[in-house]
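Enquirer: Sequence first, predicted coordinates after that:
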Amino acid sequence: MSQRRVSKEIQIGRVTVGGGAPIVVQSMTKTDTRDVMSTIHQIKELENYGCELVRVAMPDIEAAQAIPAIKKGIFIPLIADIHFDYRLALMALEAGVDGLRLNPGNIGDPGKVTAVVQAARERNVPIRIGVNAGSLPKPANPKLPIAQQMVEAAMQQIQLLESLDFDLIKVSLKAFDVPTTIEAYQDIAQKIPYPLHIGITEAGPPRTGIIRSAVGIGTLLYQGIGDTIRVSLSAHPREEVIAAYEILKSLDLRQHGPILVSCPSCGRAEVDIIKLAEQVEEELLRIDKPIKVAVMGCVVNGPGEAKDADIGIACGKGKAVLFKKGKKIGVIEEKDFLSALMAEVERF
Ligand code: SF4
C-alpha cells in the first residue's frame with residue numbers, strides 16, 4: 001500500500017481532517033431537513049453506527065432555520081449542502097454549521113462569494129468544493145477527458161477561494177464512472193495541498209453500489225489518497241456508514257467493531273452456514289469492540305482456515321467446535337450455535 005498523501009489539516013467542528021488524521025467516515029441524511037425531529041433521529045442513528053461527519057441538504061430558508069435545533073440534538077459535526085443561494089450559506093454559518101459544501105462559482109456575484117467566505121473565515125468553517133461529473137460547467141476545451149474537466153472545474157473554484165485568501169478547503173471530484181473518478185483524484189492529489197473527500201456518486205442500491213464504491217474508494221485509499229469518505233447508496237444512510245467502515249477495515253486503515261470471517265460453504269458443510277453467518281453478522285452489529293469472529297462450515301478446514309480469528313465456530317453434523325485463536329475450547333449442540341458463539345464473543 002502506498003504511503004498516505006499528507007494533506008493540509010483542517011478542523012470540521014471537533015473532527016480533524018487531513019494532516020495524517022484517521023480517515024473520517026461521512027454520510028448524508030435522507031430526511032427533509034425542515035423536519036427537525038426526523039433529521040435528528042436519523043443523525044443519532046448514524047452516530048450509533050460510527051458516522052463522524054454528517055451533511056444535510058439545505059434547499060431553502062426553512063431548512064436553514066432548522067439548523068440550530070438540529071445542532072442541539074446531535075453530537076457529530078454538521079455540514080450544510082448549499083447550491084446557488086448565498087443567503088442560505090450565510091444563514092447556515094450564522095446557525096452554527098461546522099462545514100459548508102458549496103461551489104462558489106455557482107453563487108456567481110463576486111460580492112456574494114466574498115460575503116460567504118468572510119463569514120466562513122470568521123468562524124473557522126471549512127468549505128468543501130464538490131465537483132460532480134454530471135453537473136460540470138461548460139469546459140474551455142470540450143475535448144478534454146471528463147476526469148480532466150472535473151479537475152479543471154475544481155481548480156477554478158479553488159483559485160476563487162484562494163484569491164480571497166481562504167484555505168480551509170476540502171475537495172471532492174465524484175463521478176459514477178469508477179476509472180474517471182480515480183483518474184480525477186489521482187490528478188488533483190498532485191496539484192493541491194488540501195484534504196480530499198472521496199466517493200463514487202450515485203453508486204446505486206447496496207448490492208451494486210457497495211461494490212462500485214469499494215472498488216473506487218478502495219483503489220484510491222490503497223494509493224494513499226483520501227481523507228474523508230462517503231459511500232453513496234440508494235438505501236438508508238446507516239448502510240453507507242457500515243459499508244464505509246468495511247472498506248476502511250479491509251485495508252487495515254481503521255479499526256471499528258468486529259470483523260466477520262465466514263466461509264462461502266460448499267458440499268462439505270452439514271449445516272446452513274449461510275444462514276448462520278447472516279445471523280452472526282446481525283448480532284455483531286451491536287458490538288463495538290474490534291474482534292475477529294469466524295463462522296466456518298466444517299471441522300476439517302474451519303479452525304485452520306480461520307486461525308487468526310479471536311473466536312470462531314467450525315460446524316459439523318449437529319455439533320460444532322468452538323475455538324479461540326485457532327484452539328479448540330469446546331463442543332456445542334446445533335441449537336446453541338448462535339448463542340454459544342455470541343456468549344464467547346461477549347466474554348472475549
Ligand atoms: Fe467448505 Fe469447510 Fe471450506 Fe466451508 S470451511 S468452504 S465447508 S471446506
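Expert: Yep, that arrived.
Enquirer: By proximity to the ligand, which residue of the stretch 201-348 of the chain wins?
Expert: Nearest to the ligand in the stretch 201-348 of the chain, going by CB to the nearest ligand atom, is residue 297, at a distance of 2.7 Å. For every residue, glycine as well, the C-beta is placed using N, CA and C.
Enquirer: where's residue 341, which helix or strand?
Expert: In the assignment (DSSP states H and E), residue 341 maps to helix 337-347.
Enquirer: That helix - contacts with which helices or strands?
Expert: Of the remaining helices and strands, those touching helix 337-347 by 3 or more CB pairs under 8 Å, 6 or more residues apart in numbering; DSSP states H and E are helix 273-284, strand 292-296, strand 311-315, strand 319-324, strand 327-333.
Enquirer: export these to TSV and tack on distance to residue 10, mean pLDDT and mean neighbour count?
Expert: Listed next are the helices and strands packed on helix 337-347 as TSV, based on distance: least, CB to CB, whole Å; pLDDT from 0 to 100; neighbours: other CB atoms under 10 Å:
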stretch	distance to residue 10	mean pLDDT	mean neighbour count
helix 273-284	33	95	17
strand 292-296	34	94	25
strand 311-315	40	93	26
strand 319-324	43	92	21
strand 327-333	47	92	12
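Enquirer: Using TSV, please lay out those together with distance to residue 213.
Expert: As requested, these are exported to TSV (distance: least, CB to CB, whole Å):
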stretch	distance to residue 213
helix 273-284	19
strand 292-296	23
strand 311-315	29
strand 319-324	33
strand 327-333	37
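Enquirer: For burial, what's the neighbour tally of residue 13?
Expert: 20 (other CB atoms under 10 Å).
Enquirer: What residue, apart from its backbone neighbours, is nearest it spatially?
Expert: residue 77 (2.9 Å; CB to CB, 6 or more residues apart in numbering).
Enquirer: still on that earlier bit, report the mean confidence score over the helix holding residue 341.
Expert: Regarding helix 337-347, the rounded mean pLDDT is 95.
Enquirer: again with stretch 159-174
Expert: 95.
Enquirer: Over to it now: how far is its first residue from its last?
Expert: 19 Å (CA to CA, to the nearest Å).
Enquirer: May I see the buried residues of that stretch?
Expert: Neighbour-count burial for stretch 159-174, counted by 16 or more other CB atoms under 10 Å, picks out 160-161, 164, 166, 168-174.
Enquirer: So which of the residues you listed belong to strands?
Expert: Among the buried residues of stretch 159-174, the subset assigned to strands under DSSP state E consists of 169-174.
Enquirer: how about those residues in JSON lines, adding distance to the ligand?
Expert: Converted to JSON lines, those look like this (distance: CB to the nearest ligand atom, whole Å):
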{"residue": "169", "distance to the ligand": "49"}
{"residue": "170", "distance to the ligand": "43"}
{"residue": "171", "distance to the ligand": "44"}
{"residue": "172", "distance to the ligand": "40"}
{"residue": "173", "distance to the ligand": "40"}
{"residue": "174", "distance to the ligand": "37"}
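Enquirer: tell me which residues of stretch 185-202 are tucked away?
Expert: For stretch 185-202, a neighbour-count test (16+ other CB under 10 Å) marks 185, 187-189, 192, 194-201 as buried.
Enquirer: The ligand contacts on the stretch 201-348 of the chain?
Expert: 263-266, 268-269, 296-298, 301-302, 305 (CB under 6 Å from any ligand atom).
Enquirer: Going by proximity to the ligand, name the top residue of the stretch 1-150 of the chain.
Expert: Counting by CB to the nearest ligand atom, the stretch 1-150 of the chain gets nearest the ligand through residue 1, at 27.9 Å.
Enquirer: Which residue comes closest to that residue once chain neighbours are left out?
Expert: residue 222 (5.4 Å).
Enquirer: For that neighbour, which residues are in contact?
Expert: By CB atoms under 8 Å, 6 or more residues apart in numbering, the contact set of residue 222 is 1-2, 251.
Enquirer: who wins for neighbours among the residues you listed?
Expert: residue 251 (15 neighbours).
Enquirer: That one contacts residue 220, correct?
Expert: No. Assessed by CB atoms under 8 Å, residue 251 is found out of contact with residue 220, at 10.4 Å.
Enquirer: Please, where are all the helices along the stretch 151-300 of the chain?
Expert: Secondary structure of the stretch 151-300 of the chain (DSSP state H, counting those that start in this stretch): helices located at 178-191, 206-222, 237-250, 273-284.
Enquirer: got the contact list for the residue of the stretch 1-150 of the chain closest to the ligand?
Expert: Listed by CB under 8 Å, 6+ apart, the contact partners of residue 1 are 222, 224, 251.
Enquirer: contacting residues for the residue nearest the centre of the chain?
Expert: Nearest residue to the geometric centre of the chain (CA atoms, centre = their mean): residue 230, 3.2 Å. Applying CB under 8 Å, 6+ apart to residue 230 gives the contacts 25-28, 197-199, 240, 244.
Enquirer: okay if I get the residues you listed as JSON lines plus distance to residue 316?
Expert: Putting the contacts of residue 230 into JSON lines (distance: CB to CB, whole Å) gives the following:
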{"residue": "25", "distance to residue 316": "39"}
{"residue": "26", "distance to residue 316": "44"}
{"residue": "27", "distance to residue 316": "41"}
{"residue": "28", "distance to residue 316": "46"}
{"residue": "197", "distance to residue 316": "48"}
{"residue": "198", "distance to residue 316": "44"}
{"residue": "199", "distance to residue 316": "43"}
{"residue": "240", "distance to residue 316": "38"}
{"residue": "244", "distance to residue 316": "36"}
